[in-house]
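Peer 1: I need the structure of the sequence given here:
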Amino acid sequence: MLNLVSSWESIPTQPSKQHRIIAAIDLGTNSLHMVVVKIDPTLPAFSIIAREKETVRLGDRNLTTGELKPEIIKKAIAALGRFQEVAKTINAETIIAVATSAVREAPNGKDFLHTIETELGLSVNLISGQEEARRIYLGVLSGMEFNNQPHTIIDIGGGSTELILGDSQQPRTLTSSKVGAVRLTSELITTDPISNTEFQYLQAYARGMLERSVEEVLANLEFGESPRLVGTAGTIETLAMIHAREKSGVIPSTLNGYQFSLKDLQELVNRLRKLSNAETAEIPGMPDKRAEVILAGAVILQEAMTLLGSESVTVCERSLREGVIVDWMLTHGLIEDKLRYQSSVRERNVLKLANKYHINLEYSDRVAKFAESLFDQTQGTLHHWGSDERQLLWAAAILHNCGHYVSHSSHHKHSYYLIRNGELLGYTETEIEIIANLARYHRKSPPKKKHENYQGLLTKEQRQIVSQLSAILRLAVALDRRQIGAIAQVQCEYYSQLRQVNLLIYPSKSDDDCALELWSLDYKKGVFEEEFEVKLVANLETSSVPNFS
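Peer 2: Next comes the predicted model:
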């Protein structure tokens, strides 16, 4: 049996001025869920003070087009509005919302998120399958102690199943497969009770779809390791509740740490396949609306356990929603000890991608420092972006040249595609889209409405971030034109009445006239001048480099 981590459990904490209340919403394929938590930064820990759930079935999409249905969109927006009211009543300072496979795959998924923002003022982050897996891992680590031993985590959702291998440290494997309880039910089951032919196909299909993820998990095990299997989310919790009720006659107060065997699961699957939906719904402990999808979910678990060679599964009640909370705590500096290695996940993944595409990091780092310096010196005068946007600019500056890996010609366009498809963990799909666009526009044409990649940005604000920060990135690139670090520092002087920015250039060597850098700045400054409606004048300084720190 796994030990629970007392400092991370949902335990009541003493009132404190430092307590912060935040909410996390998960727009899943089957249901919309929200948890509202009270964070005690002194531990650091959080206690769950409210839970909300609405079965909306976003995964029940138009079979012809794959689009989210209008009536389901309406139902989802109504549910999210109710969630907002609950969060507001409990005085939540912020709501972090994420959308997963159903919205990822729907052709009108981004339009749906745009509608939510327009109607409710709620920003929903679309995340990739791997990013979903990473946050599930964080959620599980917040509620269960691994003792540095390998554990495989399985999260069976409505539209996808995540398989993760971790040992308390870095996740070794993060995978996402397109098998989920709702997806398989709607695509493969037409009979009630299920026919033998459909049941056999359901098993074979689930096994085939899981094989690649399982192979990846097994390939990352060291010799002699036999990881425990941890199961999360609604399907597994429901199976555990049914098992507990039948074995002991009662449902435990918490399912966290509850175990059941593959043998017991196989017996339950054999019973479920013989029942109609109506009969399944009558099983004691079966939650409302879970009956029609539980068989497909149970088969996914059965096939995964068989492929992994796991004899039993242990339930963890924390998953994606709690992982979203932990991720927020990490990015806001509230976690300093346990899980602290996770806080630099963005930086590490940007550098990992940079290494993959053989980027000259010494050069990229100089460009990034120039970009950050220009950002900081013009903040509050030319622009009003904050630390989040500064981070995106840093990532784009490090990766702007990665397109050279494909070809020198049009490398800025190649950079866009490599970043867009590079699975940058720690970022939402929107943030990755912004980073990719910033890199795309570090040279040549400025952003134009007709550009397909620019159209991929949903809001005016996102387009403005790209337009303004890419103009800053252009100057940063120009400042290291020879890629030798010829310029040590730059100082911005802004004259508001003249609408003029004087850029004072301090060379690294006093005898270097930096002619190529100055020419490049003159060549590239047009986009910056047009974007910020200023005149840019660059001057080479001969005096010693000032200390701006």
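Peer 1: Count the neighbours of Arg273 for me.
Peer 2: Other residues within reach of Arg273, judged by other CB atoms under 10 Å, total 18. Just so you know, the C-beta spots here come from the backbone N, C-alpha and C atoms, and that holds for glycine as well.
Peer 1: Hmm, Ala298 and it touching each other?
Peer 2: No: using CB atoms under 8 Å, Arg273 is not in contact with Ala298; the gap is 9.1 Å.
Peer 1: Next secondary structure after the worst-scoring helix or strand of the chain on mean pLDDT?
Peer 2: Ranking every helix and strand in the chain by mean pLDDT, DSSP states H and E puts helix 452-455 at the bottom, with a mean of 79. The helix or strand immediately downstream of helix 452-455 is helix 460-478, counting by DSSP states H and E.
Peer 1: All the strands of this structure, in order from the start?
Peer 2: 20-27, 31-40, 45-55, 94-99, 124-126, 151-156, 161-166, 173-177, 228-232, 259-261, 312-315, 487-495, 500-507, 535-540 (DSSP state E).
Peer 1: Mind putting those into a markdown table with distance to Gly386?
Peer 2: Converted to a markdown table, those look like this (distance: least, CB to CB, whole Å):
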| stretch | distance to Gly386 |
| --- | --- |
| strand 20-27 | 18 |
| strand 31-40 | 21 |
| strand 45-55 | 24 |
| strand 94-99 | 14 |
| strand 124-126 | 17 |
| strand 151-156 | 33 |
| strand 161-166 | 32 |
| strand 173-177 | 29 |
| strand 228-232 | 34 |
| strand 259-261 | 46 |
| strand 312-315 | 40 |
| strand 487-495 | 18 |
| strand 500-507 | 21 |
| strand 535-540 | 23 |
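Peer 1: Just tell me which of the ones you listed ends up closest to Ile419.
Peer 2: Closest to Ile419 of those is strand 124-126 (CB to CB; 16.1 Å).
Peer 1: Using PDB, write out the CA atom coordinates for stretch 356-370.
Peer 2: Extracted in PDB, the C-alpha atoms of stretch 356-370 (Å, rounded to 0.1, in the frame of the first residue of the first chain):
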ATOM      1  CA  LYS A 356      17.900  19.000 -30.500                       C
ATOM      2  CA  TYR A 357      18.200  21.500 -33.400                       C
ATOM      3  CA  HIS A 358      21.900  22.300 -32.800                       C
ATOM      4  CA  ILE A 359      21.300  25.900 -31.900                       C
ATOM      5  CA  ASN A 360      24.400  28.000 -30.900                       C
ATOM      6  CA  LEU A 361      23.300  28.700 -27.300                       C
ATOM      7  CA  GLU A 362      26.100  31.200 -26.600                       C
ATOM      8  CA  TYR A 363      24.700  33.300 -29.500                       C
ATOM      9  CA  SER A 364      21.000  32.700 -28.700                       C
ATOM     10  CA  ASP A 365      21.600  33.600 -25.000                       C
ATOM     11  CA  ARG A 366      23.100  37.000 -26.100                       C
ATOM     12  CA  VAL A 367      20.100  37.700 -28.300                       C
ATOM     13  CA  ALA A 368      17.800  36.700 -25.400                       C
ATOM     14  CA  LYS A 369      19.600  39.100 -23.000                       C
ATOM     15  CA  PHE A 370      19.300  42.000 -25.500                       C
END
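Peer 1: For His404, see how far away the closest residue in space to Ile505 that isn't next to it in sequence is.
Peer 2: Excluding the flanking residues, the one nearest Ile505 by CB to CB, 6 or more residues apart in numbering is Leu540, at 5.0 Å. When distance is defined by CB to CB, to the nearest Å, Leu540 is 29 Å away from His404.
Peer 1: now swap in Ile242 and tell me
Peer 2: Using CB to CB, we find Ile242 at a distance of 56 Å from His404.
Peer 1: Compare these two (neighbour count), which wins?
Peer 2: Set Ile242 next to His404 and count neighbours by other CB under 10 Å: Ile242 wins out with 22 against 18.
Peer 1: Hmm, Ile283 and the more buried one touching each other?
Peer 2: Yes: between Ile242 and Ile283 a contact is recorded at 6.2 Å, counting by CB under 8 Å.
Peer 1: that older thread, which elements pack onto the least confident helix or strand of the chain?
Peer 2: helix 429-440 (3 or more CB pairs under 8 Å, 6 or more residues apart in numbering; DSSP states H and E).
Peer 1: helices and strands around the helix it packs on, which ones?
Peer 2: Identification of packing neighbours for helix 429-440 by 3+ CB pairs under 8 Å, 6+ apart yields strand 124-126, helix 387-399, helix 411-420, helix 452-455, helix 460-478.
Peer 1: what's the offset of it from the middle of its chain?
Peer 2: Here helix 429-440 is found 14 Å from its chain centre; the criterion is CA atoms, centre = their mean, to the nearest Å.
Peer 1: Now do the same contact list for Gln266.
Peer 2: Going by CB atoms under 8 Å, 6 or more residues apart in numbering, Gln266 touches Gln302.
Peer 1: change it to 10 Å
Peer 2: Ala298, Gln302, Met305, Thr306 (CB atoms under 10 Å, 6 or more residues apart in numbering).
Peer 1: Do you know the pLDDT at the closest residue to Tyr205 other than its chain neighbours?
Peer 2: Excluding its sequence neighbours, the residue lying closest to Tyr205 (CB to CB, 6+ apart) is Leu188, at 6.3 Å. In this model, Leu188 is scored at 91, pLDDT.
Peer 1: Leu188 contacts Leu202, doesn't it?
Peer 2: Yes: using CB atoms under 10 Å, Leu188 makes contact with Leu202 at a distance of 5.2 Å.
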